[in-house]
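In: Quick one, what's the 3D model for this:
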Amino acid sequence: MRTPAQIAGHPIHPMLVTIPIGLWIFSLVCDFVALRSGAPGSWEIASFYAMVGGILGALAAAIPGLVDLMSLRDKPVFSTALTHMGLNLAIVVLYIVNAWLRWADAATGGTPLMLSLVAIAMLLVSGWLGGKMVYEAGVGVHADEATGAVSVDRSWKEPAGAPRAGWSPASASPDRAMASDSARPRDTGRTDKPTADRSSDNLGK
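Out: As a prediction, this is how the structure comes out:
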């Protein structure tokens with residue numbers, strides 16, 4: 001299921017979502033360190049700016065995500081995508097409120113910390129739904145829906161001396177995580193017998 005928001009065949013949304021996820025998790029880590037630190041000021045500042053950076057990153061990731069959402073035609077997948085988007089928007093709102101509270105009061109514990117914990121929990125659910133759309137419904141996975149064959153970039157060249165014996169685009173199945181999974185060798189039960197060394201026979205003649 002090819003998505004329209006992509007660069008050179010790579011969907012943009014999953015590339016950008018790593019920015020807010022990483023920054024928000026780092027912000028929470030800074031909060032815990034600040035609570036245990038004798039000088040929490042620098043950790044509180046780091047947590048605040050990581051949170052703001054995550055908000056900006058989430059808004060940037062939402063644009064290609066919305067483009068992908070509008071391209072979906074399957075109703076169950078579209079419903080899951082709506083839930084995914086709704087959770088993400090709620091998470092962004094929580095972090096905006098969280099950042100505003102920290103800016104006004106410069107506090108780390110209490111309500112701001114609870115908002116961060118709730119937002120991270122919601123982020124886990126949202127990420128699970130995103131993975132469900134990719135790995136179960138194939139959203140963003142480039143596959144030939146008519147034949148079930150995974151599309152292959154012909155510009156990709158195999159390294160010299162490492163042919164993928166027995167693999168062809170038609171042999172790949174969309175239920176595999178990667179096209180290279182189809183190239184796994186199969187155990188046929190045959191055992192190659194060692195070739196006899198004939199050098200001793202040649203010396204005796």
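In: Name the nearest residue to residue 55, ignoring sequence neighbours.
Out: Leaving out its chain neighbours, the residue that sits closest to residue 55 by CB to CB, 6 or more residues apart in numbering is residue 95, at 5.3 Å. Glycine gets a C-beta too; all of them are placed from N, C-alpha and C.
In: Which elements pack onto the helix or strand hosting that neighbour?
Out: If you go by DSSP states H and E, residue 95 is part of helix 75-105. Packing partners of helix 75-105 (3 or more CB pairs under 8 Å, 6 or more residues apart in numbering; DSSP states H and E): helix 41-70, helix 111-135.
In: other SSEs contacting the shortest one?
Out: Packing partners of helix 111-135 (3+ CB pairs under 8 Å, 6+ apart): helix 18-36, helix 75-105.
In: Of all the residues in it, which ones are buried?
Out: Judged by neighbour count using 16 or more other CB atoms under 10 Å, the buried positions of helix 111-135 are 112, 113, 115, 116, 119, 120, 123, 126, 129, 130, 133, 134.
In: Now do it, average pLDDT.
Out: Summarised as a single mean, pLDDT over helix 111-135 is 92.
In: What are the contacting residues of it?
Out: The set of residues external to helix 111-135 that reach it, using CB atoms under 8 Å, 6 or more residues apart in numbering, is 14, 17, 21, 24-25, 27-28, 31, 35, 51, 77, 80-81, 83-84, 87-88, 90-91, 94-95, 97-98, 101-102, 139-141, 177.
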